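**Q** Just the structure for this:
(one chain, ligands or ions: 2)
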Amino acid sequence: MDVLTLDNVSKDFGGLHALRDVTCGIPEGTITSLIGPNGAGKSTLTSLICGIHKTSHGRILLRGKAIQGLPAHVIKRLGVARTFQIVQLFSNMTVLENVQIGAHVKYGDGWLGALPRPGAADHREKEIADRCMELLRFLDIDSYADSMPSDLSFGHQRTVELARALVAEPEVLIMDEPCSGLAPGEVEHQLRIIDELRGRGVTILFIEHNMSVVMEISDKIIVLNYGQKIAEGSPQEIMDNPQVIEAYLGEEMKHASR
Ligand SMILES: Nc1ncnc2c1ncn2[C@@H]1O[C@H](COP(=O)(O)OP(=O)(O)O)[C@@H](O)[C@H]1O
Ligand SMILES: [Mg+2]
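**A** Ligands and ions are numbered 1, 2, ... in the order given. Now for the predicted structure:
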């Protein structure tokens, strides 16, 4: 069953057609990769799903219910979380505090709820902090809980961002180029985590340029080119698709052989 369905989704930025009539499904419990050249519309598609941008046309369904047009914080609360292509952490907060911010989404308080409050909230704050520490341990970054993000390697900063997305226990996790800028060892670590999350039942929409990574980890691949879906299928089907080779894989292979 598809957890997320895009039904004829289009997005225009002024005169620019960033996405045109994209229809596709993200099956439950899978890693589904979204690939395509720069400017193909991958990040735009994630922003539409998360409610950062509004669709120009079409519908986005989460478990059959339309979510397009809903505010971003409501979509988060419905169980869709994301990490960004460019890491976005609060530089004046510790690692643990950055992750705790994500927990308040789950409890439905929105951003204001993350401010310290007296009295009754104390117990809950403690509970949230414990859960966040547990998550940091799972991701192997618990020793950095009290560090500032700028003291961490870039790879660890990405992991903190992931922790913040995960603390709300999302049903769907959208990861926009989570391996970009990582050293090879860090990529391995990141992929192991993604694989482990799938094992725990999280549905993952994964944007990635490295084709060997995509082919290895994906259950399904969706290919965008100039805002249009040109293919959708298993890694093998995508590798063998002449249109995909023409639009994207051919280029990637040329780069790879340089
Ligand atoms: N906020 C925006 N305003 C105007 N144009 C945008 C905006 N975001 C993306 N675009 C344009 O939409 C197209 C798709 O961009 P994007 O979704 O970032 O592609 P990708 O992530 O596949 O590289 C590009 O031509 C880009 O310049
Ligand atoms: Mg992008």
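**Q** Just give me the longest helix of the protein.
**A** The helix that spans the most residues within the chain, counting by DSSP state H, is helix 121-138.
**Q** Go through the helix or strand just after that one and flag the buried ones.
**A** Reading on from helix 121-138 to the C-terminus, the next helix or strand found by DSSP states H and E is helix 154-166. Going by neighbour count (16 or more other C-beta atoms under 10 Å), the buried part of helix 154-166 is 155-166. To be clear about C-beta, it is placed using only N, CA and C from the backbone, and glycine gets the same treatment.
**Q** now the residues you listed as a markdown table including distance to Cys50 and pLDDT?
**A** A markdown table is the format used below for those (distance: C-beta to C-beta, whole Å; pLDDT from 0 to 100):
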| residue | distance to Cys50 | pLDDT |
| --- | --- | --- |
| Gly155 | 24 | 92 |
| His156 | 24 | 93 |
| Gln157 | 20 | 94 |
| Arg158 | 18 | 93 |
| Thr159 | 20 | 94 |
| Val160 | 19 | 95 |
| Glu161 | 14 | 93 |
| Leu162 | 15 | 94 |
| Ala163 | 18 | 94 |
| Arg164 | 14 | 92 |
| Ala165 | 11 | 91 |
| Leu166 | 15 | 92 |
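**Q** If we check ligand 1, which of the residues you listed are in contact?
**A** With C-beta under 6 Å from any ligand atom as the criterion, those include none near ligand 1.
**Q** Make TSV out of these and add distance to ligand 2.
**A** Supplementary listing: these in TSV, determined by distance: C-beta to the ion, whole Å:
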residue	distance to ligand 2
Gly155	19
His156	22
Gln157	18
Arg158	15
Thr159	20
Val160	21
Glu161	16
Leu162	17
Ala163	22
Arg164	20
Ala165	17
Leu166	21
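**Q** Out of these, the closest to Gln68 would be?
**A** Ranking the buried residues of helix 154-166 by separation from Gln68, with C-beta to C-beta as the measure, puts Ala165 on top at 20.9 Å.
**Q** Quick check: closest non-adjacent residue to that closest one.
**A** With sequence-adjacent residues excluded and distances taken as C-beta to C-beta, 6 or more residues apart in numbering, Ala165 is closest to Ala81, at 4.0 Å.
**Q** Name whatever forms a beta bridge with that neighbour.
**A** Here Ala81 sits in beta bridges with Leu173, as judged by DSSP bridges.
**Q** who in this protein is up against ligand 1?
**A** 13, 16, 18, 36, 38-44.
**Q** let's see it at 5 Å
**A** 13, 18, 38-44 (C-beta under 5 Å from any ligand atom).
**Q** Of those residues, which belong to strands?
**A** Members of the residues of the chain next to ligand 1 lying in strands (criterion: DSSP state E): 13, 18.
**Q** Derive a PyMOL selection command for the buried subset of the residues of the chain next to ligand 1.
**A** What follows is the PyMOL syntax selecting those of the residues of the chain next to ligand 1 that are buried according to 16+ other C-beta under 10 Å:
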select buried, resi 18+40+41+42+43+44
